[in-house]
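Peer 1: Got a sequence here, can you build the structure:
(chains A and B)
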Amino acid sequence: MRTLIIEDNRELASLLAERLGARGIDSDIAGGIAEADDHMAVGQFDVIMLDLGLPDGDGIDWLRGLPADRPPVLILSARSTLDDRVTGLDTGADDYLVKPAEVEEIAARLRALIRRPGRRDPVVLTVGDVTFDTTSRQAELSGRPLAIGRKEADFLEILLRNAGKVVPRERIEGALYSAADPVTPNALEAVASRLRRRFAEAGEEDILHTVRGVGYLFGNRRTS
Amino acid sequence: MNSIAGRLLRGLLISGLAGGVVLTLMVIYEYGLLSPNPPPFWRTVREITEHVLVPFGVFLALFGIGALLVVRRVERQLKAIAGDVREAAQDLRSYQMPPDALPAELTPFTDAVNELTSRLAEHARRQEAFAADAAHELKTPLSILALSLDKLPAEDAAPLRAQIHALSDMVDQLLLLARSNAPDTAQRRSLIEPDSLARRIVAELAPAAIQAGRELSVETDHPAPFRGLEEAVAASLRTLIVNALRAAPEGSEVIVRAGPGANLAVIDGGQGLTSDELERLKARGIRADRAPGGAAGLGLAIADRIADSHGGELVTCLPESSGLALRFPTARPA
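Peer 2: Okay, here's the model as predicted:
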């Protein structure tokens, strides 16, 4: 995987290249827009990492001028407000990260950008000791099957797909019940507590969390 | 009374009385009222009435009514402008008085006030530009630090990484503060729904809170929207929640309450800050080194200033509950 790093701070750019190199991602460095154009003219890149405030122009304007068949672009910028991120993404950037970012995260996002086309969700979802087969609807904890109903399986699937994040209850309701189904306020909590009971019976007490007023979160201290 | 109408009426009365006395004296002299053989009394009265009282009465009445009409009109213009200024203040816009809105005599005053507001606006704009530059400059060394940590063993890097993130958050907050003070942010201000903002920030912070063994939840109590720079308000709320989570004992719950009205309260199980303690923290302002909890003190001061730049305030929830609340003025119905 070959990356073009466009960043005016030499020290930052070479450190970035070095740390990404340690993860098997090769990079070229451009200190400004003119240099970036030179690199683009002669090299083939899988992905571009772009800083916005450059000495010879604004990264956003440069991004606008790129041809349609350009490689995916990850903006790495000090500008952190919602406005900045929305502008960056609206201009056609494929992802936006705010400085200071961790190498681990930068590398993960770069890899995600490259495999984005044709990407398919895995058939078996795994979070820590929990696995869920999305076709057979079978859940397992540490290799032992869990006996869960249809609604609990749907609930678990959404949570596993968003493990480590709070999933809003409206979204879960939308996935579990059709619009015609009347949903009583406690219906979702009932499904959640049945699921929690199944996990507790199997020896996992602390994995499904209610964020009251917002939604649900899946994961424990070991898995996330 | 110190009104222009009052002064005009008083002036009219005094000049009327003085003119009346002069005219009376002239009438007395003209008709020889004080001569050895004065005209009969009733004739004297009639002369004075015809030549002094009636003309003055007519003059004073017409002039008085005219003056009052002019004063009323200017008053109405002033009230209209005051309304515009108040509206601008509520939307946190800067305001320039239109040149022809008031009589020419008031031009020096309106010009001076216009100049003052435009200089204040320019000052705030420069502050924002400076803060943006400073934030950008500070982020680069922080990025270099964060990347360098990658060379350290994970357990050594973790606490340093947390510090870098705290520093970076603080830089963002300072930038947002400068941005909420800038007058041309009016178009960036949107209608903020307290409950959806609370849900967004709680969803963002809940995973870390649960990891740390604390619970985080949202309660709503008739929330009403308010106008503001959403990212700045979000940063203030985030600061309050992070502080509350830090202070809350393990296993306890931190509740974010949206409402009543345009209020966002963060309630924890701690002892809470009394309003005196909170005032002291706010007054210390930027001097985080002396505030208890260091970064927390600075964060609270910034949260308070962001609220202040929205016409709101940071207050304590004591004695009803332990916690802090951001209180904003409710948006006017459009």
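Peer 1: Nearest residue to the residue positioned nearest the centre of chain A in space, please, no chain neighbours.
Peer 2: Central residue of chain A (C-alpha atoms, centre = their mean): A:R109, 7.4 Å from the mean position. Leaving aside its sequence neighbours, A:R109 sits nearest to A:D95 (C-beta to C-beta, 6 or more residues apart in numbering or on different chains; 5.3 Å). In short, each C-beta sits where N, CA and C put it, glycine included.
Peer 1: Just to check, the one you found is in contact with A:I114?
Peer 2: No: counting by C-beta atoms under 8 Å, A:D95 stays clear of A:I114, with 11.2 Å between them.
Peer 1: Pull up the overlap in contacts between these two.
Peer 2: Between them, A:D95 and A:I114 share these contacting residues under C-beta atoms under 8 Å, 6 or more residues apart in numbering or on different chains: A:P72.
Peer 1: the more surrounded of those two?
Peer 2: A:D95 (20 against 16; other C-beta atoms under 10 Å in any protein chain shown).
Peer 1: quick one, what contacts B:H222?
Peer 2: By C-beta under 8 Å, 6+ apart, the neighbours of B:H222 are B:259-261.
Peer 1: Just the buried residues of those.
Peer 2: B:259, B:261 (16 or more other C-beta atoms under 10 Å in any protein chain shown).
Peer 1: shouldn't A:F45 be in contact with A:P71?
Peer 2: Yes: when contacts are counted by C-beta under 8 Å, A:F45 is listed as touching A:P71 (5.1 Å).
Peer 1: Mind listing the shared neighbours of the two?
Peer 2: A:L4.
Peer 1: When these two are compared, which one has more neighbours?
Peer 2: A direct count of neighbours by other C-beta under 10 Å for A:F45 and A:P71 places A:F45 higher, at 20 against 17.
Peer 1: Which helix or strand contains that one?
Peer 2: Secondary structure assignment for A:F45, by DSSP states H and E: no helix or strand.
Peer 1: Next up, the contacts around the closest residue in space to it that isn't next to it in sequence.
Peer 2: Nearest residue to A:F45, sequence neighbours excluded (C-beta to C-beta, 6+ apart): A:L4, at 4.5 Å. By C-beta under 8 Å, 6+ apart, the contact set of A:L4 is A:27-28, A:30, A:36, A:39-40, A:43, A:45, A:47-49, A:71.
Peer 1: what do you get if the cut-off is 10 Å, keeping everything else the same?
Peer 2: Contact analysis of A:L4 by C-beta atoms under 10 Å, 6 or more residues apart in numbering or on different chains lists A:27-30, A:35-36, A:39-40, A:43-50, A:71, A:73.
Peer 1: just B:E75 next, same as before
Peer 2: Applying C-beta under 10 Å, 6+ apart, the residues near B:E75 are B:3-5.
Peer 1: Just the buried ones from those residues?
Peer 2: For the contacts of B:E75, buried by 16+ other C-beta under 10 Å: B:A5.
Peer 1: Contacts only, for B:L33.
Peer 2: B:24-25, B:27, B:39, B:41, B:43-44, B:47-48.
Peer 1: ditto for B:V22
Peer 2: B:V22 touches B:V52, counting by C-beta under 10 Å, 6+ apart.
Peer 1: Pop out the phi and psi values for the residue lying farthest from the centre of chain A.
Peer 2: Using C-alpha atoms, centre = their mean, the residue of chain A lying farthest from its centre is A:P182. It sits 32.9 Å away. Main-chain torsions, A:P182, degrees, to the nearest 10: phi -80, psi 130.
Peer 1: Check the one 4 residues further on too.
Peer 2: When read as degrees, to the nearest 10, the backbone of A:N186 gives phi -90, psi 0.
Peer 1: show me where pLDDT drops low in chain A?
Peer 2: Scanning chain A for pLDDT under 70 picks out A:116-122, A:179-180, A:221-224.
Peer 1: Spell out, range by range, the helices that occur in it.
Peer 2: Secondary structure of chain A (DSSP state H): helices at A:10-21, A:33-42, A:59-64, A:82-90, A:103-115, A:150-161, A:169-176, A:187-201.
Peer 1: Make a markdown table from the ones you listed and add distance to B:G16 to it.
Peer 2: Output for those, formatted as a markdown table (distance: least, C-beta to C-beta, whole Å):
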| stretch | distance to B:G16 |
| --- | --- |
| helix A:10-21 | 83 |
| helix A:33-42 | 80 |
| helix A:59-64 | 73 |
| helix A:82-90 | 65 |
| helix A:103-115 | 85 |
| helix A:150-161 | 87 |
| helix A:169-176 | 76 |
| helix A:187-201 | 83 |
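Peer 1: Nearest to B:R86, out of those?
Peer 2: helix A:82-90 (27.6 Å; C-beta to C-beta).
Peer 1: Can you tell me what sits against the closest one?
Peer 2: A:50, A:52, A:59-60, A:63, A:73-75, A:77-79, A:81, A:93-98, B:179, B:185, B:188, B:190, B:229-231, B:234.
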